[in-house]
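Chemist: Sharing a sequence plus its predicted fold:
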Amino acid sequence: SSRQALEQARAAAEELEDLKAVAKGLEEENGELRRQARHMEKEQRSLCSRAEGLQEEVRPGPRSRPGGAQLQSQPLFAPEQNQRLLAEGQGLREQIQTQAARLADLEVSGGGGHGGHSGCQ
């Protein structure tokens, strides 16, 4: 019976070592997922900033002269430039949505903790 107890103890020790290895692997994977999530958040902020800049460039609105008089609202760019900027802005919005979806997937699979931001603020 002592031999059987010794074998059970060895088996339990081996199982414990296996579980420790699995736990370490999961911790490393979690760290990598968190790193990816931080990178994607930075990329999303950058995309949001670019999109906001494009919106400001394309948005025609009244502008004032140095003396305070209002100018007539005129487009800042030629129509073909506006179309290009609008297309680029749409592409950026799509990239933001893709990044937000990937971030949400990482949060779900990695345990969350990032607040679930999606899109630009």
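Modeler: Structure received. Numbers count the residues shown, from 1 in each chain.
Chemist: Next, count neighbours for L47.
Modeler: The tally of other residues near L47 (other Cβ atoms under 10 Å) stands at 21. C-betas here are computed from N, CA, C, even on glycine.
Chemist: And it, what's its pLDDT?
Modeler: Per-residue confidence at L47 stands at 83 (pLDDT).
Chemist: residues in contact with it?
Modeler: Shown in contact with L47 (Cβ atoms under 8 Å, 6 or more residues apart in numbering): 92, 95-96, 99, 120.
Chemist: Can you name every helix or strand that the host helix or strand of A101 contacts?
Modeler: Per DSSP states H and E: A101 is located in helix 79-110. Judged by 3 or more Cβ pairs under 8 Å, 6 or more residues apart in numbering; DSSP states H and E, helix 79-110 is in contact with helix 2-58.
Chemist: From the chain's centroid, how far away is the helix it packs on?
Modeler: In this view, helix 2-58 has its centroid 16 Å away from the chain centroid, taken as Cα atoms, centre = their mean, to the nearest Å.
Chemist: Stretch 93-108 now?
Modeler: How far stretch 93-108 lies from its chain's middle: 6 Å, per Cα atoms, centre = their mean.
Chemist: Low-confidence stretches in this protein?
Modeler: For the chain, the stretches with pLDDT under 70 are 57-77, 107, 109-121.
Chemist: burial measure for the closest residue to E43 other than its chain neighbours, as a count.
Modeler: Nearest residue to E43 in three dimensions, chain neighbours excluded: Q99, at 6.0 Å (Cβ to Cβ, 6 or more residues apart in numbering). Neighbour count for Q99, taken as other Cβ under 10 Å: 21.
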